[in-house]
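Student: What follows is a predicted protein model with its sequence.
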Amino acid sequence: MQISLNHDFSDKVIIITGAGGILCGFLAKQLAKTKAKIALLDINFYAAEAFAQEINNAGGRAKAYQTSVLDLSSIQASRDEIAADFGTCDILINGAGGNNPQATTDNEFHEYELPENTKSFFDLNQDGVEFVFNLNYLGTLLPTQVFAKDMLGKQGSSIINISSMNAFTPLTKIPAYSGAKAAVSNFTQWLAVHFSHVGIRCNAIAPGFLVSNQNRTLLFNPDGSPTARANKILTNTPMGRFGNAEELVGAILFLIDERYSAFVNGVVLPIDGGFSAYSGV
Ligand code: NAD
C-alpha cells in the first residue's frame, strides 16, 4: 500500500494507546509512513519503546510514553510530555484493550453435569469482569477526556476506537469482553454525536479474528494445529480464513483522513471477512 503517496499527515500528531501490543504497534509503524508524529502509549513502556525505535530507525518520528489508560494523572502527564515533544493531539486511537481469563468460562454451553474444576458462568470472578470492563470501556473514555480537549475545533481531528465483531453478537465464553466491546461501540456513537458541533469525528473499527497474543492459545494447539474453536470460527467466516493486521490499515487511513471520510461519523466498521453478517446458514 502506497501510504506515503496517498496520505500526508506531516502536520499531525497521532496518539495511540496500547501501542506496545501486536495490533497497535503494527498500526503505529504503518501510520508513521504518513509522516505524522506518533506517540505510542502503553503501560508496558519497553514494548512501546521497541516499536518507537523501529519507526525512528526507518526515518519516522515517534516516541514511547509509559501510560496507564486507567489512571487520569498518568494520561495527563503523558499529554503534557507529548505536547512539549510533538504538539497536541490531532488523531487519537484508543487501542488498549483485552480480555481476562477470570472473566472467561471454560465451556460454550452450561450443562447439568460438568466435569469437576470446570470454570462455569457461576465461577466468574468479579475482579476479572471489572478488569475487562475497565480496560476496554474506561480505558477508552479516560484518554478521550484528556486528549479530546486539545482537539476541539482543530481541523481534521478524529478519534478511532477499537471495538470487535463480538460487539454485534457476543461470542461464547467471553461475556465481559463482548459486553465491554459493545459498550465501546455504543460510546463511539455517543461521542460522534456529542462532538459533532466542535469538529471531532469519532468512529470505530470492529476487527474479526486476527491472530495475536490475546487469542493465540484459543486458536492454536501447542503443536500449531487449529483448535476446535478455530475450526468453528473458520466455518462461520464466509471468507474462510483469519484476518491479519495489514487488513486494518486501509480502514484506519480512510477513517482518519478527512479527504475521504469528512462526513463519516459514528460508524463501527467491521473488518471480519463477513463473520458478523453471516447467520451460519
Ligand atoms: P495486545 O494484548 O497485543 O495489546 C494490548 C496492549 O495494551 C498491550 O501492549 C498492553 O500492555 C496494553 N495495555 C494493557 N493494559 C493497559 C493499560 N492499563 N494502559 C495502557 N496500556 C495497556 O492486543 P491486540 O491484539 O494488539 O489488540 C489491540 C486492540 O484490538 C484491543 O483493544 C483488542 O481488544 C482489540 N481487538 C483485537 C482483536 C484481535 O483479534 N487481536 C480483535 C478485535 C479487537
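Tutor: Good, I have the coordinates.
Student: Tell me which residue of this protein lies closest to the ligand.
Tutor: Nearest residue of the chain to the ligand, counting by C-beta to the nearest ligand atom: residue 21, 1.9 Å away. C-beta coordinates here come from the backbone N, C-alpha and C atoms, glycine included.
Student: Need the phi and psi values for that residue.
Tutor: The phi and psi values for residue 21, taken as degrees, to the nearest 10, are phi -90, psi 170.
Student: So what's the predicted local confidence for it?
Tutor: We have a pLDDT of 94 for residue 21.
Student: same check, this time on residue 225
Tutor: On pLDDT, residue 225 comes in at 86.
Student: does the ligand sit close to the longest strand seen in the chain?
Tutor: Criterion DSSP state E: the longest strand present in the chain is strand 200-207. Yes: against the ligand, strand 200-207 shows contacts by C-beta under 6 Å from any ligand atom at residue 207.
Student: what residues are up against the spatially closest residue to residue 171 that is not a sequence neighbour?
Tutor: Counting by C-beta to C-beta, 6 or more residues apart in numbering, residue 178 is the residue found nearest to residue 171 once chain neighbours are left out, at 5.6 Å. The contact partners of residue 178, by C-beta atoms under 8 Å, 6 or more residues apart in numbering, come to 164, 166-167, 170-171.
Student: and if you look at residue 157?
Tutor: Residues near residue 157 by C-beta under 8 Å, 6+ apart: 89-91, 151, 199-201.
Student: Phi, psi for it please.
Tutor: Backbone phi and psi, for residue 157 under degrees, to the nearest 10, turn out to be phi -90, psi 140.
Student: so what's it bridging to?
Tutor: In this entry, residue 157 is beta-bridged to residue 200, by DSSP bridges.
Student: What's the local residue count around the nearest residue to residue 195 once chain neighbours are set aside?
Tutor: In space, and not counting its chain neighbours, residue 195 is closest to residue 202: 6.2 Å by C-beta to C-beta, 6+ apart. A total of 27 residues lie near residue 202 under the criterion other C-beta atoms under 10 Å.
Student: hang on, the earlier thing: which pLDDT value does the model give the residue nearest to residue 171?
Tutor: We have a pLDDT of 98 for residue 178.
Student: Which helix or strand contains it?
Tutor: Assigned by DSSP states H and E, residue 178 falls within helix 175-194.
Student: just the helices in the stretch 151-281 of the chain please.
Tutor: Using DSSP state H, counting those that start in this stretch, the helices found in the stretch 151-281 of the chain span residues 175-194, 216-219, 228-235, 246-256, 258-261.
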